[in-house]
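Enquirer: this is the structure alone, sequence omitted:
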(Lines give C-alpha, C1' and ligand atoms only; values in the text may rest on other atoms or scores of the structure.)
Protein backbone atom coordinates (compact mmCIF):
# COMPACT_ATOMS: atom_id res chain seq x y z
CA UNK A 1 0.00 0.00 0.00
CA UNK A 2 1.34 3.41 -0.96
CA UNK A 3 0.94 6.47 1.21
CA UNK A 4 -0.84 8.08 -1.76
CA UNK A 5 -3.76 5.69 -1.26
CA UNK A 6 -4.46 6.91 2.28
CA UNK A 7 -6.27 10.06 3.41
CA UNK A 8 -3.99 12.99 4.26
CA UNK A 9 -4.43 12.72 8.04
CA UNK A 10 -3.57 9.03 8.11
CA UNK A 11 -0.62 9.58 5.79
CA UNK A 12 0.75 12.30 8.07
CA UNK A 13 0.39 10.05 11.12
CA UNK A 14 2.11 7.12 9.40
CA UNK A 15 5.00 9.26 8.15
CA UNK A 16 5.43 10.84 11.59
CA UNK A 17 5.52 7.39 13.18
CA UNK A 18 8.13 6.24 10.65
CA UNK A 19 10.25 9.27 11.54
CA UNK A 20 10.01 8.49 15.26
CA UNK A 21 10.93 4.86 14.67
CA UNK A 22 13.96 5.92 12.65
CA UNK A 23 15.12 8.15 15.53
CA UNK A 24 14.87 5.20 17.91
CA UNK A 25 17.23 3.21 15.67
CA UNK A 26 19.99 5.73 16.39
CA UNK A 27 22.35 5.19 19.31
CA UNK A 28 21.04 6.76 22.54
CA UNK A 29 23.67 9.51 22.55
CA UNK A 30 22.71 10.59 19.01
CA UNK A 31 18.92 10.54 19.35
CA UNK A 32 17.34 13.99 19.08
CA UNK A 33 15.36 15.35 22.04
CA UNK A 34 11.62 14.73 21.78
CA UNK A 35 10.81 18.43 21.58
CA UNK A 36 12.64 18.63 18.22
CA UNK A 37 10.83 15.75 16.51
CA UNK A 38 8.12 17.98 15.04
CA UNK A 39 10.40 20.91 14.13
CA UNK A 40 12.15 20.03 10.83
CA UNK A 41 14.51 23.04 10.75
CA UNK A 42 15.75 22.57 14.31
CA UNK A 43 15.90 18.80 13.87
CA UNK A 44 18.04 19.09 10.75
CA UNK A 45 20.37 21.50 12.52
CA UNK A 46 20.63 19.16 15.53
CA UNK A 47 21.41 16.11 13.37
CA UNK A 48 24.02 18.06 11.39
CA UNK A 49 25.77 19.03 14.63
CA UNK A 50 25.62 15.51 16.09
CA UNK A 51 26.86 13.73 12.98
CA UNK A 52 29.38 16.44 12.06
CA UNK A 53 27.85 17.26 8.69
CA UNK A 54 29.09 20.58 7.45
CA UNK A 55 27.92 22.40 4.40
CA UNK A 56 30.41 24.16 2.23
CA UNK A 57 30.33 27.88 2.62
CA UNK A 58 30.71 30.01 -0.45
CA UNK A 59 33.00 32.96 -0.06
CA UNK A 60 32.72 35.92 -2.36
CA UNK A 61 35.69 38.10 -3.08
CA UNK A 62 35.28 41.70 -4.20
CA UNK A 63 37.29 42.28 -7.33
CA UNK A 64 38.03 45.72 -8.65
CA UNK A 65 37.10 45.83 -12.33
CA UNK A 66 40.10 48.05 -13.05
CA UNK A 67 42.42 45.22 -12.02
CA UNK A 68 40.93 42.87 -14.62
CA UNK A 69 42.52 42.72 -18.04
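Expert: Okay, I see it. It should be emphasised that the depicted structure is a prediction, and the values quoted were computed from it without experimental measurement.

Enquirer: residue 50: which element?
Expert: Per DSSP states H and E: residue 50 is located in helix 40-51.

Enquirer: how big is the angle separating the one helix or strand residue 10 maps to from helix 40-51?
Expert: According to DSSP H and E, residue 10 maps onto helix 8-24. Helix 8-24 and helix 40-51 meet at an angle of 20 degrees, taking axes from the mean of the first three to the mean of the last three CA atoms, to 10 degrees as the criterion.

Enquirer: on that earlier part again, buried residues in the helix holding residue 50, which are they?
Expert: By neighbour count on 16 or more other CB atoms under 10 Å, the buried set for helix 40-51 is 43, 46. Every residue, glycine included, has its C-beta placed from N, CA and C.

Enquirer: give me the below-cutoff pLDDT ranges for this protein.
Expert: Residue ranges of the chain with pLDDT under 70: 1-6, 53-64, 67-69.

Enquirer: could you redo the last one with a cut-off of 80?
Expert: 1-8, 11, 16, 19, 37-38, 52-69 (pLDDT under 80).

Enquirer: and residue 39, what is it in contact with?
Expert: If a contact means CB atoms under 8 Å, 6 or more residues apart in numbering, then residue 39 has no contacts.

Enquirer: touching, residue 19 and residue 37? I think so.
Expert: Yes. With contacts counted by CB atoms under 8 Å, residue 19 reaches residue 37, the gap being 7.0 Å.

Enquirer: any shared contact partners between the two?
Expert: By CB under 8 Å, 6+ apart, no residue touches both residue 19 and residue 37.

Enquirer: counting neighbours, what do you get for residue 65?
Expert: Counted by other CB atoms under 10 Å, the residues lying close to residue 65 total 5.

Enquirer: what do you get for residue 23?
Expert: Neighbours around residue 23, by other CB under 10 Å: 16.

Enquirer: now it: how far from residue 7?
Expert: Distance, residue 23 to residue 7, using CB to CB, to the nearest Å: 25 Å.
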